[in-house]
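In: sharing a model that was predicted from the sequence below.
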Amino acid sequence: MLLVMLNNETVLALAGLSEGQVSKPSGVFVVAATFLFLREFSPFMKKWLIIVTIYLLILMLESYHDYHTFFKYPHVFLKIFDIYLLFFIYSFYKKHLDKVPFVLHFTVWLILIIYIVAAFTIRREVFSMSAFTNNKRGFNSAEIYIFIICLTYFFNLYFYKKNFINIILFFVVFSLIIFSQQKTVWTCAAFSQILNILFIRRSNFKIDFAAIAPVLLMIGIVAFIVSSVILTNEEIRATFEKRIKAFTEVENDEEGGTAAWRRRQWEAYLPIVEQNILTGLRLKGFELPGQFDAFTAENTGHHFHSYYLDKLFYFGIFGLFSGVVLISFYTLKLIFFVRKFITLEQIVLASYMMTFAVYSIGYDIPFAIYGLIGLGFAYLEKDYTDTDKKRKVTEKSIAISQ
C-alpha cells in the first residue's frame with residue numbers, strides 16, 4: 001500500500017519530491033504491472049479492464065494520427081492511467097490477500113502515522129487555534145478524505161471487539177476531520193457512516209445497546225466540551241457560524257467561496273460539454289483556451305474542481321461510465337446481490353468506496369484514492385460464506401490491534 005500513498009501530497013512533501021516527478025513514472029508502471037496479474041481478474045473486472053484498454057489504445061492511435069506521437073499530452077493520458085492503479089492494486093491483493101489479511105489494518109495505521117509525522121514536521125501550524133479560526137488548512141481535501149477509512153474502521157472495530165480504545169480513536173479521527181474545515185469531507189464522512197450502519201446489518205457483528213452506551217457518553221462529553229469552548233470564545237463561535245453559513249454558498253453567489261466558484265466554472269464549460277457529450281474533447285480539449293477566469297495556466301490543460309466536469313470535458317459519457325458509475329454499481333452489486341454476508345473489512349471499504357460519487361461533485365479524484373478502491377474490490381470479491389472461516393479471517397486481520 002506504499003504505492004497507493006506515493007502520490008499523496010503530504011508524502012511527497014516529506015520526501016522532498018514534486019508530483020510531476022512521481023505521477024508519470026507511477027502511471028506507466030501501474031499500466032504495465034496490471035497485466036502481470038490478469039489471471040486474478042473476475043469476469044466483470046476483466047471486461048472493465050478490456051473496455052478501458054481499448055479506449056486507451058484508440059486515444060494513442062488518435063494522438064499518432066493527429067500529432068505523430070503516441071502520447072502527445074501526458075496530462076490527458078494520466079487521467080486514464082489513474083484507473084489502472086485500481087486494476088493493479090485489485091489484482092495484486094486478489095492474489096495475495098489471504099497471505100496478508102491485515103492489510104487494511106496496516107493501511108489505517110500507515111495513514112495515521114504519515115499525518116502525525118507531517119503534523120510535527122512540515123505542517124506544524126495545522127493544529128493551532130489561529131489556524132482553525134483563520135481557515136488555514138494544513139492538509140488538502142484529498143488528504144483528509146482518506147481519513148474516512150480510519151473513522152469507519154475504528155467505529156466498526158469498537159462494536160466488533162468492544163474495546164473502548166477504539167471508540168476513543170474514532171473520536172480523535174472525527175475531531176481531525178472537523179478541525180480540517182473541509183466541508184466536502186464532512187459530507188462524505190456523514191454519508192459513509194449512514195452506509196456503514198446499513199451495511200452492518202449484513203455482517204456478523206451488531207450494534208447493541210450495551211456497546212452504544214459508552215459511545216453516547218463520549219458524545220455527551222465531547223458535546224459539552226465543544227459547546228463550552230464555543231460559548232466562552234467569541235472568535236471560535238464566529239468561526240463555527242461562518243462554517244455553517246458556508247453550506248448556503250451554492251444557492252447564494254453573494255456569499256462567495258468555493259461552492260459558488262465551482263458553479264460558475266460548470267456554467268462556463270457546460271456548453272462545450274454538451275456539444276461533445278458522448279466522447280468528450282480528448283486531446284483537443286488540452287489545446288482549448290481556459291473558459292473560466294485565469295485559473296488555468298498556459299499549456300497545463302484544464303483544472304476542474306469536479307470529477308464529473310473533468311471526465312465529461314475530456315472523455316464525455318464514457319469517462320463517467322468507466323469510473324464512478326462502474327465503481328458504484330459493482331460495489332452495490334457485491335454487497336447486496338453477491339455476498340450473503342460481509343466482514344468488518346468489507347464494510348469499511350464499501351462504505352468508503354460509495355462516497356466516491358459524493359466527493360467527486362466538489363473535487364477531482366487523486367491517484368491514491370483509486371488504489372484504495374482497488375483494495376476494496378479485492379476484499380469484496382473474497383467470499384467468506386463459511387461463518388467460522390469469516391470469523392477467523394476477521395479476527396486474524398485485526399489481532400495486531402489488541
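Out: Yep, that arrived.
In: quick one: mean pLDDT over stretch 65-81.
Out: Across stretch 65-81, the average pLDDT comes to 90.
In: could I have that stretch exported to PDB, CA atoms only?
Out: Presented in PDB, the C-alpha positions along stretch 65-81 are these (Å, rounded to 0.1, in the frame of the first residue of the first chain):
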ATOM      1  CA  HIS A  65      -2.700  10.300 -36.400                       C
ATOM      2  CA  ASP A  66      -3.000  14.000 -35.400                       C
ATOM      3  CA  TYR A  67       0.400  14.700 -33.800                       C
ATOM      4  CA  HIS A  68       2.700  11.900 -35.000                       C
ATOM      5  CA  THR A  69       3.400  10.700 -31.400                       C
ATOM      6  CA  PHE A  70       1.500   8.200 -29.300                       C
ATOM      7  CA  PHE A  71       1.400  10.400 -26.200                       C
ATOM      8  CA  LYS A  72       1.000  14.000 -27.200                       C
ATOM      9  CA  TYR A  73      -0.400  15.300 -24.000                       C
ATOM     10  CA  PRO A  74       0.500  13.300 -20.900                       C
ATOM     11  CA  HIS A  75      -1.900  15.400 -18.800                       C
ATOM     12  CA  VAL A  76      -4.800  13.700 -20.700                       C
ATOM     13  CA  PHE A  77      -3.300  10.200 -20.700                       C
ATOM     14  CA  LEU A  78      -2.600  10.300 -17.000                       C
ATOM     15  CA  LYS A  79      -6.400  10.700 -16.400                       C
ATOM     16  CA  ILE A  80      -6.800   7.200 -17.900                       C
ATOM     17  CA  PHE A  81      -3.700   5.800 -16.200                       C
END
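In: any idea how far that stretch is from the chain center?
Out: From the chain centre to the centre of stretch 65-81 is a distance of 25 Å (CA atoms, centre = their mean, to the nearest Å).
In: for Lys46, what are its contacts?
Out: Leu38 (CB atoms under 8 Å, 6 or more residues apart in numbering). All C-beta atoms are positioned from the backbone trio N, CA, C, and that covers glycine.
In: please, which helix or strand holds it?
Out: helix 43-67 (DSSP states H and E).
In: need the three-state assignment for the closest residue to Phe87 other than its chain neighbours.
Out: Distances taken as CB to CB, 6 or more residues apart in numbering put Thr34 closest to Phe87, at 4.5 Å, once the chain neighbours are dropped. Under the three-state scheme (DSSP: H, G, I helix; E, B strand; the rest coil), Thr34 adopts helix.
In: pLDDT wise, what is Thr34 at?
Out: The model reports Thr34 with a pLDDT of 88.
In: point to the residue nearest the middle of the protein.
Out: Centroid-nearest residue in the chain, with CA atoms, centre = their mean: Ile369, separated by 4.4 Å.
In: in three-state terms, label Asp383 for me.
Out: Put simply, Asp383 is coil when judged by three-state DSSP.
In: how near is it to Ser42?
Out: 11 Å (CB to CB, to the nearest Å).
In: those two - which one has more neighbours?
Out: Counted by other CB atoms under 10 Å, Asp383 and Ser42 do not tie: Ser42 has more neighbours, with 15 against 12.
In: state the distance from the more buried one to Arg282.
Out: According to CB to CB, Ser42 stands 29 Å off from Arg282.
In: for the stretch 101-250 of the chain, just list every one of the helices.
Out: 103-119, 129-133, 141-145, 147-161, 164-180, 183-200, 209-232, 234-246 (DSSP state H, counting those that start in this stretch).
In: possible to save the ones you listed as JSON lines with mean neighbour count and mean pLDDT?
Out: Listed next are those as JSON lines, based on neighbours: other CB atoms under 10 Å; pLDDT from 0 to 100:
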{"stretch": "helix 103-119", "mean neighbour count": "18", "mean pLDDT": "87"}
{"stretch": "helix 129-133", "mean neighbour count": "15", "mean pLDDT": "57"}
{"stretch": "helix 141-145", "mean neighbour count": "23", "mean pLDDT": "88"}
{"stretch": "helix 147-161", "mean neighbour count": "24", "mean pLDDT": "92"}
{"stretch": "helix 164-180", "mean neighbour count": "18", "mean pLDDT": "88"}
{"stretch": "helix 183-200", "mean neighbour count": "19", "mean pLDDT": "93"}
{"stretch": "helix 209-232", "mean neighbour count": "12", "mean pLDDT": "77"}
{"stretch": "helix 234-246", "mean neighbour count": "13", "mean pLDDT": "64"}
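In: may I see those arranged in JSON lines, with distance to Glu287 as well?
Out: Shown next, in JSON lines, are the helices of the stretch 101-250 of the chain (distance: least, CB to CB, whole Å):
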{"stretch": "helix 103-119", "distance to Glu287": "37"}
{"stretch": "helix 129-133", "distance to Glu287": "40"}
{"stretch": "helix 141-145", "distance to Glu287": "27"}
{"stretch": "helix 147-161", "distance to Glu287": "37"}
{"stretch": "helix 164-180", "distance to Glu287": "36"}
{"stretch": "helix 183-200", "distance to Glu287": "30"}
{"stretch": "helix 209-232", "distance to Glu287": "51"}
{"stretch": "helix 234-246", "distance to Glu287": "36"}
